[in-house]
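*Asks:* The following block contains a protein sequence and its predicted model.
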Amino acid sequence: MSATIIDGKSFAEGLRGRIAATVEKMKAQGVHPGLAVVLVGNDPASEVYVSSKARQTVEVGMRSFEHRLPADASQQELEALVARLNADPEVDGILVQLPLPAGLNAEPVIAAIHPDKDVDGLTHMNAGRLANGAVGLVPCTPLGSMMLIRSVMPDIAGKTAVVVGRSNLVGKPVAQLLLAANATVTIAHSRTRNLREVCRGADILVAAVGRPEMIRGDFIKPGAVVIDVGINRIPAPERGEGKTRLVGDVAFGEAKEVAGAITPVPGGVGPMTIACLLANTLTAASLRRGLTPPTF
Ligand SMILES: NC(=O)C1=CN([C@@H]2O[C@H](COP(=O)(O)OP(=O)(O)OC[C@H]3O[C@@H](n4cnc5c(N)ncnc54)[C@H](OP(=O)(O)O)[C@@H]3O)[C@@H](O)[C@H]2O)C=CC1
Ligand SMILES: Nc1nc(=O)c2c([nH]1)NC[C@@H]1CN(c3ccc(C(=O)N[C@@H](CCC(=O)O)C(=O)O)cc3)C=[N+]21
């Protein structure tokens, strides 16, 4: 039997609709939420993401502030910009697009972001809040992944979950969220032995590796929910010379024959990431004013 395809694109559209309605209400109360995105250098992939974020921010009725620095900007310049955004009352959320160009160190830049404006959820404060079950800002991709899991598996408690990948941006926070939902969680990584066997035990399998199609059909437990976070651009000579296409970390064609439900790439987790960034900006706007954050 073929798996249910989880339509992240239309889920994200619906979420943006609910966000727009909340923005309306906040504006009526005199709060006009704003998101600042910082892009250093001119990596073409990052340019695409940043302009897409800016467009969607404006579409839901929020303010968008784009800050571009040249690839040869200094560490000091970048941290000074973050400090200005921290102090700016019109800015509720700050996102510094990663990776930074060579020569710049991301860690102190992230540390400089005020935790209540940290819409990426990357500061130590927000990672700690998530680990301890306190209210805070949760990274966008994990938040979006959980919404998609819940859409096909409302009761996660007691299920086995395997997360492949342990980055601070995706793997670790998604594992924390699954644990908070009472799943029994395993985190696999590049040193994991028998990855196929480990994955085969998973009712919920989250792949966040960055290796095109490395999770094959025989890694998947029949009926499992498979969330493919990977975004990999690979050559596609069949589309013409020099053409490329996007694939995930999961071999979709094989996996969909075994899984119960699966996210596609593109059109799965990616659109949810941006929608959750907008949701986090509203959470940040509320936190900063001591208001109860909206739920979506
Ligand atoms: N859809 C979306 O919105 C987003 C997609 N992404 C995509 O998700 C993917 C992962 O991103 P990110 O977490 O930032 O990546 P990182 O490169 O930071 O982390 C990759 C993780 O995968 C693990 N890994 C690497 N090779 C293997 C292997 N052979 N077997 C098992 N584990 C392995 C690494 O293990 P170790 O720690 O041992 O090195 C590491 O923990 C990328 O494709 C990225 O483009 C990222 C953010 C958002
Ligand atoms: N500070 C920071 N936070 C991030 O969250 C962050 C980042 N830096 N750097 C890069 C990664 C990657 N990322 C994606 C967001 C949206 C899509 C997305 O919308 N993808 C579409 C396809 C887009 C296309 O066609 O290229 C989809 O999957 O359908 C993908 C990837 C956020 N990241």
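*Replies:* Structure's in. What do you need? Bear in mind that the values here come from a model prediction, so they are computed numbers and not experimental data. Ligands and ions are numbered 1, 2, ... in the order given.
*Asks:* wait, what's in contact with residue 11?
*Replies:* 147-148, 151, 271-272 (Cβ atoms under 8 Å, 6 or more residues apart in numbering). (C-beta placed from N, C-alpha, C; glycine too.)
*Asks:* By proximity to ligand 2, which residue of the stretch 51-200 of the chain wins?
*Replies:* In the stretch 51-200 of the chain, no residue comes nearer to ligand 2 than residue 98, which is 3.8 Å away by Cβ to the nearest ligand atom.
*Asks:* Is that residue in contact with residue 167, as I believe?
*Replies:* No - using Cβ atoms under 8 Å, residue 98 makes no contact with residue 167, being 10.4 Å away.
*Asks:* how about the strands in this structure?
*Replies:* 4-5, 34-40, 63-69, 93-96, 160-164, 184-188, 204-207, 225-228, 232-235, 244-247, 261-262 (DSSP state E).
*Asks:* sorry, back to before: residue 98 and residue 167: who's more crowded?
*Replies:* residue 167 (16 against 13; other Cβ atoms under 10 Å).
*Asks:* ok, back up a step: most neighbours among the contacts of residue 11, which one is it?
*Replies:* That'd be residue 272 among those, by other Cβ under 10 Å, with 27 neighbours.
*Asks:* Am I right that that residue is in contact with residue 147?
*Replies:* Yes - under the contact definition of Cβ under 8 Å, residue 272 touches residue 147, with a separation of 6.5 Å.
*Asks:* Residue numbers of the stretch 151-296 of the chain in contact with ligand 2?
*Replies:* 231, 246, 265-267, 270-271, 273-274 (Cβ under 6 Å from any ligand atom).
*Asks:* Which ones among the residues you listed map onto helices?
*Replies:* 270-271, 273-274 (DSSP state H).
*Asks:* how many neighbours does residue 51 have?
*Replies:* 13.
*Asks:* nope, residue 17 is what I meant
*Replies:* 11.
*Asks:* what's it in contact with, if anything?
*Replies:* Residue 17 sits in contact with no residue, where contact means Cβ under 8 Å, 6+ apart.
*Asks:* Please report how far it lies from ligand 2.
*Replies:* According to Cβ to the nearest ligand atom, to the nearest Å, residue 17 stands 17 Å off from ligand 2.
*Asks:* and if you look at residue 16?
*Replies:* Residue 16 sits at a distance of 12 Å from ligand 2 (criterion: Cβ to the nearest ligand atom).
*Asks:* Now do the contacts for that residue.
*Replies:* Residue 16 neighbours (Cβ under 8 Å, 6+ apart): 56, 59-60, 275, 278.
*Asks:* Tell me which two in the contacts of residue 11 are the farthest apart.
*Replies:* Maximum pairwise distance among the contacts of residue 11 (Cβ to Cβ): 13.5 Å, between 151 and 271.
*Asks:* How about the residue of the chain found nearest ligand 2, nearest residue that isn't a chain neighbour?
*Replies:* The chain approaches ligand 2 most closely through residue 270 (2.2 Å), counting by Cβ to the nearest ligand atom. Nearest residue to residue 270 in three dimensions, chain neighbours excluded: residue 231, at 6.2 Å (Cβ to Cβ, 6 or more residues apart in numbering).
*Asks:* still on that earlier bit, ChimeraX command to pick out the buried ones of the contacts of residue 16?
*Replies:* Selection of the buried residues among the contacts of residue 16 in ChimeraX, burial being defined by 16 or more other Cβ atoms under 10 Å:
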select :56,60,275,278
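*Asks:* residues in the chain within reach of ligand 1, list them.
*Replies:* Within the chain, the positions adjacent to ligand 1 are 141, 164-167, 169-171, 188-192, 195, 208-211, 229-232, 269-270, 273 by Cβ under 6 Å from any ligand atom.
*Asks:* give me that answer again for 5 Å
*Replies:* 141, 165-167, 169-170, 189-190, 208-210, 229-231, 269-270, 273 (Cβ under 5 Å from any ligand atom).
*Asks:* Mind checking which of these are buried?
*Replies:* 141, 165-167, 169-170, 208-209, 229-231, 269-270, 273.
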